[in-house]
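[1] need coordinates for the below:
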Amino acid sequence: MPPPMPHAHAPERKKKIIRPARQKNRLLARCEHGLFRAVFFFFQKLPFPLAFRLGENIGRLLYWLDQPHRRIGLTNLALAFPDKKTAERTRILRDSWLNLGRLIAEFCHLHTLTPDNIAERVRFADRDQWHGLVEKYRHTGALILTGHFGNWELLAHAHACYGFPVHIIHRRLRNPLVDDLIVAQRRLSGNAVIRKTTAGMEVFRAIRNKGVVVAAVDQNASGRMGVFVPFFGHQASTSTGLAGLALATNVPVIPAFLIREQGSWRHRVVILPPVEPIRTGDQAADLEATTAKFTAVFQRIVEQHPDHWLWIHKRWKRRPPGEASLYS
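    Numbering: from 1, shown residues only. As a prediction, this is how the structure comes out:
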């Protein structure tokens, strides 16, 4: 008997396609790349303590000079913390800029951090907990829930230095020359980079090989790539990628974040209990509910360390139909 034909009026489920970022004009890309390399190698040539303080001061300077991003940051903070006074929200934003400046300096010096000295900069808040999880996911693979929080670049680098390289899902930048340089840095310690446009098969292959895949859950998702879930009490378009992977692979989802200790170059890795996806049998509902659950975990770590998050990103850019933009 032939299979039944689909109903003529049944809506077809559209496949989600992740398109690569549109590349910049070649001349502009080369100029930008030249400037990026100059700054990058300048920072590399400096002694690390000096580079760290310079990065910090550049962050402080950008806080004052970059008015468009300052407005975005203050808008985000007003949405997230309406009960905090303006002075406190301003302090959080300034400290977030300082963190970004420190991150830039640390990123340029990643090559100096090896298995022999990583403990001087990064340690685990609970090393026994980490060992237990590593032994567990050594046989299953795992998904790491994280975001643009603290020094997210160093988090992955340190994990590899401690003997467990990860797979980082990466969206190619519009400038391919700068993108190549950043990807090379991310691979320094043995980590693998998975292009977001081809992530599906590569992620499943990594999981099948008992690998660890890192995914961020804190960026505005455009078009059909996102669902609206609460984030600080406001609907935020969020990628369902991590939720889809968790539901499809059944491997543990472990939240992990890097906490900077009192503005210094020392950090501790905080690992939270694994988060179970929600399974009701309704695929669309499970994707949305699991994405909301993951986002709530990320919100809690931002509430505890608000100066660690990248507030200058338009997290609530995409709005539900009929809602006006939150960024004037």
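
[2] where's residue 209 relative to residue 257, distance?
    25 Å (CB to CB, to the nearest Å). C-beta coordinates here come from the backbone N, C-alpha and C atoms, glycine included.

[3] look at the two and report which has more neighbours.
    For residue 209 versus residue 257, neighbours defined as other CB atoms under 10 Å are more numerous around residue 257 (26 against 9).

[4] contact partners of whichever helix or strand that one is part of?
    Using DSSP states H and E, residue 257 sits within strand 253-260. Residues from elsewhere that reach strand 253-260, judged by CB atoms under 8 Å, 6 or more residues apart in numbering: 99, 102, 122, 125, 133, 137, 142-147, 149-152, 154-155, 158, 242, 246, 266-277, 294, 297-298, 301, 305, 308.

[5] now with 6 Å?
    142-146, 149-151, 155, 246, 267-272, 274-275, 297, 301 (CB atoms under 6 Å, 6 or more residues apart in numbering).

[6] cool, stretch 308-324 as well?
    Contacts of stretch 308-324 (CB under 6 Å, 6+ apart): 69, 72-73, 76, 93, 96, 148-150, 220, 228, 234-237, 302, 326-327.

[7] okay, now the unreliable bits of the stretch 101-250 of the chain?
    Applying pLDDT under 70 to the stretch 101-250 of the chain picks out residues 198-199.

[8] the helices in it, which residues?
    127-137, 152-161, 176-186, 199-208, 241-249 (DSSP state H, counting those that start in this stretch).

[9] now these in TSV, with mean neighbour count and distance to residue 62?
    Listed next are those as TSV, based on neighbours: other CB atoms under 10 Å; distance: least, CB to CB, whole Å:
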stretch	mean neighbour count	distance to residue 62
helix 127-137	14	34
helix 152-161	23	18
helix 176-186	16	18
helix 199-208	17	31
helix 241-249	22	30
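
[10] among these, which is nearest residue 111?
    When these are compared by CB to CB, helix 176-186 sits nearest residue 111, at 7.8 Å.

[11] what is the closest one packed up against?
    Where contact means 3 or more CB pairs under 6 Å, 6 or more residues apart in numbering; DSSP states H and E, helix 176-186 is packed against helix 26-45.

[12] just checking, which helix or strand succeeds the helix it packs on along the chain?
    Moving toward the C-terminus from helix 26-45, the next helix or strand (DSSP H and E) is helix 48-65.

[13] tell me how far residue 177 lies from residue 43.
    Counting by CB to CB - residue 177 and residue 43 are separated by 18 Å.

[14] and the end-to-end length of stretch 319-328?
    In stretch 319-328, first residue to last residue: 13 Å (CA to CA, to the nearest Å).

[15] quick one: mean pLDDT for the strand holding residue 257?
    Strand 253-260 shows a mean pLDDT of 97.

[16] give me the angle between that strand and helix 127-137.
    150 degrees (axes from the mean of the first three to the mean of the last three CA atoms, to 10 degrees).

[17] just give me how far strand 253-260 sits from the chain centre.
    Here strand 253-260 is found 11 Å from its chain centre; the criterion is CA atoms, centre = their mean, to the nearest Å.

[18] name every strand pairing with it and say which way it goes.
    strand 142-146 (parallel), strand 267-271 (antiparallel) (DSSP bridges).

[19] pick the most deeply packed of the ones you listed.
    strand 142-146 (a mean of 26; mean count of other CB atoms under 10 Å).
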